[in-house]
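Peer 1: The amino acid sequence is not available; the structure is as follows:
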């Protein structure tokens, strides 16, 4: 899609981190921008910033709420015009060790990281198809959607699903002139760890002092790892370039290369002769 200017881009998780970086990039490219986020205060701040660059509509939205999603979609399209660029970006990074997981944690993590993406596609894709004017869908997965990691089962489950969904949609939507890009970030300098920790349901199963210490240590390690990562604005520029070039895969760095090589070799080695 080379003609980004004057199109409407809808971005979930658009008030913070990667979502805001993507919103800035689309605004600079001349698109009208619709921001959806559960954080109302951050939305106000992001909207005020972006209005200096383009037309903006902001909406507080829990992407798990399908009825609210449909209502927000109608409001946005009435104000900004048809959404032809959909960015399913909102996500959380939480979870717990497998022996401390609960149904509440599963529902929360899968509801945001997977069902929220499904809700975006099911809300906007039929509209794109009916209009026959092309479009582009960007789904934010993760490097953890390509290579699994120990202690990250909830997150990997959702992100692997987003990868499969995106690859399948890419094949199916080509004849309709609707592109698909799959964003698989490595470390990006955002506050997702802190925001996730504040929002995540409590781990109700008791943990030993050693387990608590390990969880806290992992939290601090993740914060440090991400703080040295790619800037969200750079990720936004990568996404806009991928849309213009109609590229499926968007990687922010080469941090997953060894894991991808190991996984690919293991898959190939397991094939029968």
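Peer 2: That came in fine, so what should we check first? A quick note: this is a predicted structure, and the numbers were derived from the prediction, not measured.
Peer 1: Could you report the distance from the residue lying closest to residue 153 once chain neighbours are set aside to residue 33?
Peer 2: Using Cβ to Cβ, 6 or more residues apart in numbering and skipping the chain neighbours, the partner closest in space to residue 153 is residue 98 (5.4 Å). In this view, the C-beta of every residue, glycine as well, is placed from N, C-alpha and C. Counting by Cβ to Cβ, to the nearest Å, the separation of residue 98 from residue 33 is 39 Å.
Peer 1: again, but for residue 7
Peer 2: Taken as Cβ to Cβ, the span from residue 7 to residue 33 is 10 Å.
Peer 1: Quick check, pLDDT for residue 204.
Peer 2: What the model reports as pLDDT for residue 204 is 56.
Peer 1: swap in residue 67?
Peer 2: 98.
Peer 1: how about the helices in the stretch 151-273 of the chain?
Peer 2: Applying DSSP state H, counting those that start in this stretch to the stretch 151-273 of the chain gives helices spanning 153-173, 192-199, 209-227, 232-245, 257-269.
Peer 1: Considering those, which stretch scores lowest in mean pLDDT?
Peer 2: helix 209-227 (a mean of 70).
Peer 1: So what touches whichever strand or helix holds residue 20?
Peer 2: In this structure, residue 20 sits in helix 17-28 according to DSSP states H and E. Outside helix 17-28, the residues within contact range by Cβ atoms under 8 Å, 6 or more residues apart in numbering are 4, 9, 11-14, 33, 35, 37, 46, 49-50, 53-54, 56, 85, 87, 89-90, 138, 140, 183, 185, 188, 190-192, 231-237, 239-240.
Peer 1: So among these, which ones count as buried?
Peer 2: Buried subset of these (neighbour count, 16 or more other Cβ atoms under 10 Å): 4, 9, 11-14, 33, 35, 37, 46, 50, 53-54, 56, 85, 87, 89-90, 138, 140, 183, 185, 188, 190, 192, 232-237, 239-240.
Peer 1: Filter these down to the ones in strands?
Peer 2: 9, 11, 12, 33, 35, 37, 56, 85, 87, 138, 140, 183 (DSSP state E).
Peer 1: isn't the residue nearest to residue 153 right up against residue 156?
Peer 2: No: with contacts counted by Cβ atoms under 8 Å, residue 98 stays clear of residue 156, the gap being 11.2 Å.
Peer 1: Just want to know which of the two has more residues nearby.
Peer 2: Higher neighbour count among residue 98 and residue 156: residue 156, with 19 against 11, using other Cβ atoms under 10 Å.
Peer 1: Sounds good, over and out.
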